[in-house]
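A.B. asks: what follows is a predicted protein model with its sequence.
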Amino acid sequence: MQERSHEKVQRILAATTELADTMPLDSITMATIAEAAGASFSSIYRFFPSKEAILEAVALASLDRLQAAYENFFSGSRPASGAAVIEGAIDTYIAFIEREPGFKALWLSAPETPELSGRHRRVSEVALNMAKLYAMEPLGMAGSPELDLRLAIAAEACMRILRYAFQQNQYPPEQVIAELKRWLKAALLLFA
């Protein structure tokens, strides 16, 4: 019974992910999720109290995979320079957005819940700690409250600018991302 329940939950999450990639989040309903998952409307409520709870579960699972992507990036071969680390870290995020079904829509449009905010913070903290270790070890930067502050500001600014890159229509996202990389290199490596 548990295996069937787990399988049904996975079908619901996969269907919701697919729907998030193909239609606006506001248009997704419990009925459209049920139809896409091949489940009855009432059976979905056995596992999730609302559409928002399903969207949150999908986003949380994506954030876990994003954290793993950052762990893989920072534990892999060491880039030759701080500039290469900044490029690689941003490219890791962009590649994740492009390959992770539904993540972009959820990242840009899903309502922020306390659980989701906490998971975002945890992923950012893991990435920041790994970036700090890299800055201290291969780059030889001294650990300090100033470095902590610089990295925290860079992470916050990076998330906001990446959202801006994909939400605005004035500039091509690639141009905004290139400018973000240039800005981060200047802000983080100027005093290295």
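C.D. replies: Perfect, thanks for sending it.

A.B. asks: by contact count, what packs against the least confident helix or strand in the chain by mean pLDDT?
C.D. replies: Least confident helix or strand, the chain: helix 114-136 with a mean of 85, by mean pLDDT, DSSP states H and E. Helix 114-136 is packed against helix 51-75, helix 82-99, helix 145-167, with contacts defined by 3 or more C-beta pairs under 8 Å, 6 or more residues apart in numbering; DSSP states H and E. Backbone N, C-alpha and C define where each C-beta goes, glycine included.

A.B. asks: which one of those lies nearest to E18?
C.D. replies: helix 51-75 (10.1 Å; C-beta to C-beta).

A.B. asks: mind checking how far the closest one is from the chain centre?
C.D. replies: 6 Å (C-alpha atoms, centre = their mean, to the nearest Å).

A.B. asks: now it: buried residues?
C.D. replies: Neighbour counts over helix 51-75 (16 or more other C-beta atoms under 10 Å) mark 51, 54-63, 66-67, 69-70, 73-74 as buried.

A.B. asks: what about Q170, which SS state?
C.D. replies: coil (DSSP: H, G, I helix; E, B strand; the rest coil).

A.B. asks: by how many degrees do the least confident helix or strand of the chain and helix 145-167 diverge?
C.D. replies: 120 degrees (axes from the mean of the first three to the mean of the last three C-alpha atoms, to 10 degrees).

A.B. asks: and of the helices and strands packed on helix 114-136, who's closest to L106?
C.D. replies: The nearest among the helices and strands packed on helix 114-136, by C-beta to C-beta, is helix 51-75 at 4.5 Å.

A.B. asks: tally of neighbours for Y45?
C.D. replies: For Y45, the neighbour count with other C-beta atoms under 10 Å is 13.

A.B. asks: per-residue confidence for it?
C.D. replies: Each residue has a pLDDT score; the one for Y45 is 90.

A.B. asks: kindly report the same for M1.
C.D. replies: M1 carries a pLDDT value of 56.

A.B. asks: do A192 as well
C.D. replies: 54.

A.B. asks: please renumber the chain so that the first residue is 22 from this point on.
C.D. replies: Noted, 22 is the first residue going forward, which turns the last one into A213.

A.B. asks: thinking again about what came up before, for R143, which of the helices and strands packed on helix 135-157 is the nearest?
C.D. replies: That would be helix 72-96 among those, by C-beta to C-beta, at 7.3 Å.

A.B. asks: just name whatever secondary elements the closest one is in contact with.
C.D. replies: By 3+ C-beta pairs under 8 Å, 6+ apart, helix 72-96 packs against helix 23-43, helix 51-58, helix 103-120, helix 124-130, helix 135-157.

A.B. asks: looking at those helices, which is buried most?
C.D. replies: helix 124-130 (a mean of 19; mean count of other C-beta atoms under 10 Å).
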